[in-house]
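*Asks:* quick one: sequence and predicted model below, then my questions.
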Amino acid sequence: MARATNAPASRTRRRRVVAAAKGFRGNRSKLYRYAKDAVRKAKQYSYRDRKNRKRTFRQLWITRIRAALTECDVSYSRFIADMQAANVELDRKVLADIAATEPAAFKALVQSVRG
């Protein structure tokens, strides 16, 4: 009886890993030994940074809102509290977009929320 190996599956796995490392520099894109480490690290970074992207965008939105509110002489925390009291349902992303693109509309919104 012939000796059975796992060669086809191993070759497919190695080819898949090296293909995933396409675009990496040097041996990391050509040799399986180095490509598997590079791909593993890349997957770890992409998982971590999917979470970090949400964090950084939230920081950006808050910064943009705060910058627009300083022109209106209102603090960020006071504005958020007034919005909740007035039952205005706008999230930070939309508020930041309004503050950046339409400053007059944002000032009108601040005045209407303050009462």
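*Replies:* Yep, it's here.

*Asks:* ok, for Val88, nearest residue in space, not its chain neighbours?
*Replies:* Leaving aside its sequence neighbours, Val88 sits nearest to Val113 (C-beta to C-beta, 6 or more residues apart in numbering; 6.0 Å). Glycine gets a C-beta too; all of them are placed from N, C-alpha and C.

*Asks:* residues touching the helix or strand hosting the one you found, excluding its own?
*Replies:* With elements delineated by DSSP states H and E, Val113 resides in helix 103-114, which encompasses its position. Under the contact criterion C-beta atoms under 8 Å, 6 or more residues apart in numbering, helix 103-114 has outside partners 68-69, 71-72, 74, 79, 82-83, 86, 88, 95, 98-99.

*Asks:* likewise for stretch 74-94?
*Replies:* Outside stretch 74-94, the residues touching it (C-beta under 8 Å, 6+ apart) are 57-58, 61-62, 65-66, 69, 98, 109-110, 112-115.

*Asks:* so which one among those residues has the lowest pLDDT?
*Replies:* Model confidence across the contacts of stretch 74-94 bottoms out at Gly115, which has 71.

*Asks:* can you count the residues close to that residue?
*Replies:* A count of nearby residues for Gly115, using other C-beta atoms under 10 Å, gives 7.

*Asks:* report the contact partners of it.
*Replies:* When the contact criterion is C-beta under 8 Å, 6+ apart, the partners of Gly115 are Asp82, Ala86.

*Asks:* gap between it and Arg66?
*Replies:* 21 Å (C-beta to C-beta, to the nearest Å).

*Asks:* with just CA atoms, put stretch 102-114 into CSV.
*Replies:* What follows is stretch 102-114 as a C-alpha-only set of coordinates in CSV (Å, rounded to 0.1, in the frame of the first residue of the first chain):
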residue,chain,number,x,y,z
GLU,A,102,-22.8,74.2,7.9
PRO,A,103,-21.7,76.5,10.8
ALA,A,104,-24.7,78.7,10.6
ALA,A,105,-27.1,75.8,10.9
PHE,A,106,-25.1,74.5,13.9
LYS,A,107,-25.3,77.9,15.6
ALA,A,108,-29.1,77.9,15.0
LEU,A,109,-29.3,74.4,16.5
VAL,A,110,-27.3,75.4,19.6
GLN,A,111,-29.6,78.4,20.1
SER,A,112,-32.7,76.3,19.7
VAL,A,113,-31.4,73.7,22.2
ARG,A,114,-30.4,76.3,24.8
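
*Asks:* alright, calling it a day.
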